[in-house]
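Colleague: let's see this in three dimensions:
(one chain, ligands or ions: 2)
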Amino acid sequence: MKLSFIGFGNMAGAMAQGLIEFDCLPAQNIYASAAHFDKLEKKAATLGIHACQTNLEAAAAGDVVILAVKPYMMETVTQEIRSALVNKTVVCIAAGFTDRKLRPLLPDDCESLCVMPNTPIRVGQGILVWETGSTLSADMEAKLAELFGPIALIAPVDSEHMGIAGTIAGCSPAFAAMFIEALSDAGVKYGLQRAQALEMAARVLEGTGALFMADHNHPGVMKDSVCSPGGTTIRGVSQLEKDGFRGDIIDAVDAVMNRQ
Ligand SMILES: NC(=O)C1=CN([C@@H]2O[C@H](COP(=O)(O)OP(=O)(O)OC[C@H]3O[C@@H](n4cnc5c(N)ncnc54)[C@H](O)[C@@H]3O)[C@@H](O)[C@H]2O)C=CC1
Ligand SMILES: O=C(O)[C@@H]1CCC=N1
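Modeller: Numbers count the residues shown, from 1 in each chain. Ligands and ions are numbered 1, 2, ... in the order given. Alright, predicted model coming up:
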């Protein structure tokens, strides 16, 4: 399979790197175009993929064309490459897109899918929110699931829930990074070296996530297993509740959803 990225920024780069490093696809099967060719060329050389001079050249090269520009550019870019999308598989990763919004931008003779990836796909720990009921053939759906399965949890959702699932998967790495930063700030405040505090904070998120994936215990049960009666942790938990920690997270998701 040959894969083309139209737009090769943070998200496309993370997807390509994940695919290559986890041996899902050889680098020479990946093509990309972007706004600035000189910048793209450097990135492409590091990964061993093909840098294309134009979007049309990149779109023509792939069996699967991944639309990875900003959402507001999608209309212009699809118009530009429309002729090259005939009989291709088109995958759109733009936030806020579902099949209903994407299809009018594409030629009739192509199959398409809307997904929402997240940046941890680069290290094989991603999520790929996947819109169900797409125009993909069963054969291509299986091929794409096989391609991305080793580097992402495939999360099928219906069109109505693409926005919220995309927010939980796609935006939350920023929220999680803020938690890591804040926890490390606290460590530094009490004298830890920044590098060690950051590694510990990141490992806490990684390890707690892994615990959940292993046991599927309710997070409340996981929290209780750390809080001894009259102990130290419950004091921190109590303060977080006073500060509205959980409400803040839900408010953050509301803020994203209200923008979509
Ligand atoms: N960054 C993230 O964590 C996630 C991003 N997305 C989606 O991925 C898409 C890309 O986002 P990022 O990679 O974060 O943005 P970015 O700003 O890092 O990358 C955008 C890319 O588009 C290129 N570009 C700009 N104009 C172009 C044109 N006319 N033709 C071809 N390429 C052009 C830029 O050169 C750049 O390579 C967006 O639609 C976003 O909603 C989805 C999930 C997560
Ligand atoms: O903030 C953004 O626009 C993109 C969508 C999901 C993550 N980043």
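
Colleague: who in the stretch 1-150 of the chain is up against ligand 1?
Modeller: Within the stretch 1-150 of the chain, the positions near ligand 1 by C-beta under 6 Å from any ligand atom are 6-12, 33-36, 55, 68-71, 73, 77, 93-95, 116-119. Using the backbone N, CA and C atoms, a C-beta is placed for each residue, glycine as well.

Colleague: what about those residues, which are in strands?
Modeller: If you go by DSSP state E, these have 6, 33, 116, 117 in strands.

Colleague: the closest residue to ligand 1 within the chain: neighbour count?
Modeller: Going by C-beta to the nearest ligand atom, ligand 1 is nearest to residue 9 of the chain, at 1.7 Å. Residue 9: 16 surrounding residues under other C-beta atoms under 10 Å.

Colleague: ok, now residue 229?
Modeller: 5.

Colleague: can you give me the pLDDT of it?
Modeller: We have a pLDDT of 97 for residue 229.

Colleague: the one 10 residues further on too?
Modeller: With respect to pLDDT, residue 239 has a value of 98.

Colleague: how many other residues sit next to it?
Modeller: 10.

Colleague: and it, what element?
Modeller: Using DSSP states H and E, the element containing residue 239 is helix 233-242.

Colleague: mind checking the SS state of residue 113?
Modeller: Secondary structure state of residue 113, per DSSP: H, G, I helix; E, B strand; the rest coil, is strand.

Colleague: so what's it bridging to?
Modeller: Residue 113 has these beta-bridge partners by DSSP bridges: residue 91.

Colleague: surely it is in contact with residue 129?
Modeller: No. Using C-beta atoms under 8 Å, residue 113 makes no contact with residue 129, being 11.0 Å away.

Colleague: more neighbours: which of those two?
Modeller: Between residue 113 and residue 129, residue 129 has the larger neighbour count (other C-beta under 10 Å), namely 26 against 22.

Colleague: got phi/psi on that one?
Modeller: Per-residue torsions, residue 129: phi -70, psi 130 (degrees, to the nearest 10).

Colleague: just the pLDDT for it.
Modeller: On the pLDDT scale, residue 129 gets 98.

Colleague: smallest gap between the stretch 1-150 of the chain and ligand 2, at which residue?
Modeller: residue 95 (3.6 Å).

Colleague: correct me, but that residue touches residue 72?
Modeller: No. Contact criterion C-beta under 8 Å: residue 95 and residue 72 do not qualify, at 10.5 Å.

Colleague: looking at these two, which is more packed in?
Modeller: Shown here are residue 95 and residue 72; by other C-beta under 10 Å, residue 95 has more neighbours (17 against 9).

Colleague: how near is residue 158 to residue 98?
Modeller: To residue 98, residue 158 is 9 Å away according to C-beta to C-beta, to the nearest Å.

Colleague: over to residue 245?
Modeller: Distance from residue 245 to residue 98, by C-beta to C-beta: 32 Å.

Colleague: neighbour count winner among those two?
Modeller: The neighbour comparison of residue 245 against residue 98 (other C-beta under 10 Å) goes to residue 98, with 19 against 12.

Colleague: got a list of what the more buried one touches?
Modeller: With contact set as C-beta atoms under 8 Å, 6 or more residues apart in numbering, residue 98 has these partners: 114, 131, 159, 162.
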